[in-house]
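> All I have is the shape, not the residue letters:
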């Protein structure tokens, strides 16, 4: 391992379980915002409900069952 990897591992090992969960939540939120930005860059500004489903489509769209459910929700919110 490199010095950076060693330092990272030491920092993570020193965290309490609660701190590790908080870190995971922060990283998940950061990833969500990045996908949101990509959706907006591709499709332009969207209403919050539609944006949420477009992000979900990026996350879960490879699964046919999930894709079908998400596309149904997108149809519902786009028809408002």
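Sure, I can see it. None of the values given here were measured: they were computed from a predicted structure.

> longest single helix anywhere in the protein?
The helix that spans the most residues within the chain, counting by DSSP state H, is helix 17-43.

> Read off the pLDDT value for the most centrally placed residue in the chain.
Geometric centre of the chain, nearest residue: residue 32, 2.9 Å, by CA atoms, centre = their mean. On the pLDDT scale, residue 32 is placed at 97.

> separation between it and residue 20?
19 Å (CB to CB, to the nearest Å). Glycine gets a C-beta too; all of them are placed from N, C-alpha and C.

> what do you get for residue 33?
Per CB to CB, residue 33 is found 21 Å from residue 20.

> quick one on the thing from earlier: quick one: distance of the longest helix of the chain to the chain centre.
5 Å (CA atoms, centre = their mean, to the nearest Å).

> tell me what it is packed against?
Under the contact criterion of 3 or more CB pairs under 8 Å, 6 or more residues apart in numbering; DSSP states H and E, helix 17-43 touches helix 48-60.

> which strands and helices sit next to the helix it packs on?
Packing contacts for helix 48-60, counted by 3+ CB pairs under 8 Å, 6+ apart, involve helix 17-43, helix 64-78.

> For that helix, list every residue counted as buried.
50-57 (16 or more other CB atoms under 10 Å).

> What is the nearest of these to residue 25?
Proximity of these to residue 25 (CB to CB) peaks at residue 55, which lies at 16.5 Å.

> which residues does that closest one contact?
32, 35-36, 39 (CB atoms under 8 Å, 6 or more residues apart in numbering).

> What pLDDT does the model give it?
pLDDT for residue 55: 98.

> so who does the closest residue to it other than its chain neighbours touch?
In space, and not counting its chain neighbours, residue 55 is closest to residue 35: 5.1 Å by CB to CB, 6 or more residues apart in numbering. Applying CB under 8 Å, 6+ apart, we find residue 35 in contact with 55, 58-59.

> pLDDT score for residue 35?
98.

> and if you look at the one 4 residues further on?
According to the model's per-residue confidence, residue 39 sits at a pLDDT of 98.
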